[in-house]
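A.B. asks: Quick one: sequence plus predicted model below, questions after.
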Number of protein chains: 2
Amino acid sequence: MADNPLYTIMQARSVVIAGASNNFMKMGSIQALNLLHGGFRGEVLFLHPTEKTVFDHPAYRTPAELPFVPEVALLTTPTRVTPGLLDGLGEHGVRHAVITTAGFREMGPEGARLEAELLEIAVRRGIRFVGPNCIGVLNATEGMNLTVVPYTDAPGHMGLISQSGTYVSQTMPYLRENGIRYSQAISVGNATSIDVVDCLDYLGDDPETAAIAMYIEGVQRGREFLAAATRVGRTKPLVALYVGGSSAGARSSQSHTGSLGSPDRLFDGVCAQAGILRASTVDEMFGWANALANMPLPRGRRMAILTHSGGPATSMADACERWGLEVPEFSPALQTRIRAFLEPTASAKNPVDLTFVMGQESFVDKIPEVLFASDEIDGVLVHGMMDTGFALEMHKVAGHMLGISREDFIKPMEFDLTHLLELPARYGKPLVASNFIREDHAAQTFRERGVPLFRTPEAAVKAMAALARAGEFRKRWPASD
Amino acid sequence: MADNPLYTIMQARSVVIAGASNNFMKMGSIQALNLLHGGFRGEVLFLHPTEKTVFDHPAYRTPAELPFVPEVALLTTPTRVTPGLLDGLGEHGVRHAVITTAGFREMGPEGARLEAELLEIAVRRGIRFVGPNCIGVLNATEGMNLTVVPYTDAPGHMGLISQSGTYVSQTMPYLRENGIRYSQAISVGNATSIDVVDCLDYLGDDPETAAIAMYIEGVQRGREFLAAATRVGRTKPLVALYVGGSSAGARSSQSHTGSLGSPDRLFDGVCAQAGILRASTVDEMFGWANALANMPLPRGRRMAILTHSGGPATSMADACERWGLEVPEFSPALQTRIRAFLEPTASAKNPVDLTFVMGQESFVDKIPEVLFASDEIDGVLVHGMMDTGFALEMHKVAGHMLGISREDFIKPMEFDLTHLLELPARYGKPLVASNFIREDHAAQTFRERGVPLFRTPEAAVKAMAALARAGEFRKRWPASD
């Protein structure tokens, strides 16, 4: 697939930006700042009709004046000048572009005419482009951010293909708060030249991408989409949020990206055939894809639940049954092994509920080891594995009375999670967690180390159910195939 | 209902705490710190076998030595000494208690015997108590916090009754982040003396509580519960998260609070009869109850969607249809009125999508006024009404280049939301919002002023659907009844 234009676009070593200026309140300027300050190691040039430099980088008046041919052009220019500019760039050798400019097909007949012109120019010049009417692309691994929102996290293993620019950009603070990390993200916009199928093929072969999330309003090349999903899905779990199936969704998507949706049932059929997990919310799309990108798939549906909170234990157990997972009562032998690490008030049946009193070692090391090693379970759900969060809350209100600094108060409480974090890979079983208190050392460690950490017990269970379904899809295809 | 013991407990003017010491790592000590630093204006005494003072407040060895009879006793003492201590307190006139001590019915036959003893003593002494095996109670309006986690927000209008202590305590940071506020919260634990029915009756009459959330593992007095819910539900919407209906949920709840669940279908029947909204997750329970506590109920199911993001617009429209709301295409006349405030690239059909370019006045004042005033819609959903959040993200990475302080950069961007915040009450229609960027002046204003602000478009729609169902329940009962 080396002819896929996304190789050049997503791994660009040089970018020319048209539409940025030294006025940092313009969309193109914001994209430029994100590229300049996101860790990009390639060269950045600007096209600008009057400025000599933009953010201290050289600016040129026309494509003819560029000192070399940049690999990628980013266009955030007024709609009417965009086709001509693309033509000029093509004339001077540029073959790849990202066009964030809007005002094309999604705006009706006149926009559709302009979009056809754009495509005609691209075909004539041998240019492939992402967009128009997109929000840009991000390669977190390369620090290349052409979107309008900074990406400040370390790179991760979840790829995103989105027909909504918002889900690539505005969601970045949301993802950061939830410990969800991109490998690469592509906003396809109107998908005039490069579409979801191209993105699937490309991310399917990206070594850093382990699972792929897709926000879809309508699929243009149905047969090719099914083929690409089936191919990629054999090694990388796919999650789709499809919103073009209802009549209100279809109407909205048409004025958004000019997409035509097909009925929900049809898309469900595609998912079943290709092994795509269908999410029903943005939360599920991102949460599941991130869990799939970071955890091994369970071999079955038997879950252990570990917590020191009875309510979340019961919520998790109830949610497991509702979403097709099992919470088997442990065998007497397994209960005996667990009980060795429990207070007398605690329960070892499954859920394992340590109750309020707890020792770090039991909760974090001993019991998890027993659970992961047991052949009675296929995955582990944990609620409330916090260390400093509770004390931080207390210190906020009573710190002045405790006579001890925040740091000295909380530092000794930090769990050593080294052993726990090794267990999923060692036993080939997933760990999925939830926690109400987010400002917490253990919670932060989970987020940094790729342990899926949800805000509620039920969301953790639903993600685990998605992992189990992905595991069942995987069994269809022998590993050697 | 003035004989309801919760009046005295929740409005206590004096509290004696047994089980706290100057060692702030003990559960009782943490509860004491929360009471002392949560704004409580009543008197606080301590019982302690050896200490003369606890956190600078007088401590007494026995109930006999107390200088006056405190209205409420908080017991966080070892299980075996708790019945004797309750007896001693009763002998010296105490008639109300909160017993957080665990180790009773939930622990099997020996615990059940101790719990029976506790109840026998209470009945003989004329004592009514919350617990045992609970996490305490909170009256945010009075600044009285007997739980283990600080409550730092302003008081709100959502009451909580919970058979899980975790959902009253650990969730406080979660609620704070989501702008969800308690009026009062009661962790009933084993509900030996005071149960869910007593709590419903009490909160039903509390003037600050406008909606009630309930976490239920099993109902003990079914008929009385139905009667209380039916009575209270006429004026205050009720939301229940019931987790005792599945076999795994029932097993877990038995070792948690010794509750016996009944099948899901039975509970569904109760909900239908009493007009209780049944939530399936903690997120829904809190999010819906808070929305119901702060917004008028819609008179119908026709929703307007307002945003500048096409993806969330489509997600909202799709979710509306999935969850039983309508997104009617606006009449030509209404579209014309809206289009007056839109850029040419924007859509006025419903969803109203302002696209990336936007003016504050259109988004925040003009269009909302037109939508709320229109007789074509019953409620307004908004996604992405942010002002400073985006700039804050930019300032983090490029602040040094912009040559302007964070404060000077973002301050001029703050929206004036005064007019918008008046619209729901003026037109008797709900406003429900979602936003991916939480660190934002407008988002913070929403949270502070009771506009339900969800993390995702779908969660906002689901809450609006709950409001619509609550509106339909309400129609069963004429206001004069």
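C.D. replies: Looks like it arrived, so ask away.

A.B. asks: Help me confirm that A:Thr307 comes into contact with A:Ser315.
C.D. replies: No. Between A:Thr307 and A:Ser315 there is no contact under C-beta atoms under 8 Å: 9.7 Å. No exception for glycine: its C-beta is placed from N, CA and C like everyone else's.

A.B. asks: Between the two ends of stretch A:355-363, how far is it?
C.D. replies: 11 Å (C-alpha to C-alpha, to the nearest Å).

A.B. asks: I'd like the average pLDDT over that stretch.
C.D. replies: In this model, stretch A:355-363 carries a mean pLDDT of 72.

A.B. asks: swap in stretch A:221-234?
C.D. replies: Rounded mean pLDDT across stretch A:221-234 is 94.

A.B. asks: Tell me if I'm right that A:Gly384 and A:Asp440 touch.
C.D. replies: No. With contact defined as C-beta under 8 Å, A:Gly384 does not count as touching A:Asp440 (10.0 Å).

A.B. asks: top helix in chain A by residue count?
C.D. replies: The longest helix of chain A (DSSP state H) is helix A:457-476.

A.B. asks: Now do that helix: which elements does it pack against?
C.D. replies: Under the contact definition 3 or more C-beta pairs under 8 Å, 6 or more residues apart in numbering or on different chains; DSSP states H and E, helix A:457-476 sits against strand A:276-279, helix A:282-294, helix A:310-322, strand A:379-383, strand A:431-434, helix B:282-294.

A.B. asks: can I get these in CSV with mean pLDDT?
C.D. replies: Listed next are these as CSV, based on pLDDT from 0 to 100:
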stretch, mean pLDDT
strand A:276-279, 96
helix A:282-294, 98
helix A:310-322, 94
strand A:379-383, 97
strand A:431-434, 98
helix B:282-294, 98
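
A.B. asks: which stretch among these comes nearest B:Gly88?
C.D. replies: Closest of the helices and strands packed on helix A:457-476 to B:Gly88 is helix A:310-322, at 29.3 Å (criterion: C-beta to C-beta).

A.B. asks: From the chain's centroid, how far away is that closest one?
C.D. replies: Put simply, helix A:310-322 sits 26 Å off its chain's centre (C-alpha atoms, centre = their mean, to the nearest Å).

A.B. asks: same thing with stretch A:136-147?
C.D. replies: On C-alpha atoms, centre = their mean, the centre of stretch A:136-147 falls 13 Å from the chain's centre.

A.B. asks: The helix or strand of chain A with the lowest mean pLDDT: what's the following helix or strand?
C.D. replies: Lowest mean confidence among the helices and strands of chain A (mean pLDDT, DSSP states H and E): helix A:247-257, at a mean of 73. For helix A:247-257, the following helix or strand on the C-terminal side (DSSP states H and E) is helix A:264-274.

A.B. asks: so what does that following helix touch, helix or strand wise?
C.D. replies: Using 3+ C-beta pairs under 8 Å, 6+ apart: helix A:264-274 touches helix A:222-233, strand A:238-242, strand A:276-279.

A.B. asks: if you set the cut-off to 10 Å instead, what comes out?
C.D. replies: helix A:222-233, strand A:238-242, strand A:276-279, helix A:457-476, helix B:310-322 (3 or more C-beta pairs under 10 Å, 6 or more residues apart in numbering or on different chains; DSSP states H and E).

A.B. asks: burial of the nearest residue to A:Gln11 once chain neighbours are set aside, as a residue count?
C.D. replies: Excluding the flanking residues, the one nearest A:Gln11 by C-beta to C-beta, 6 or more residues apart in numbering or on different chains is A:Glu142, at 6.4 Å. Using other C-beta atoms under 10 Å in any protein chain shown, A:Glu142 has 19 other residues around it.
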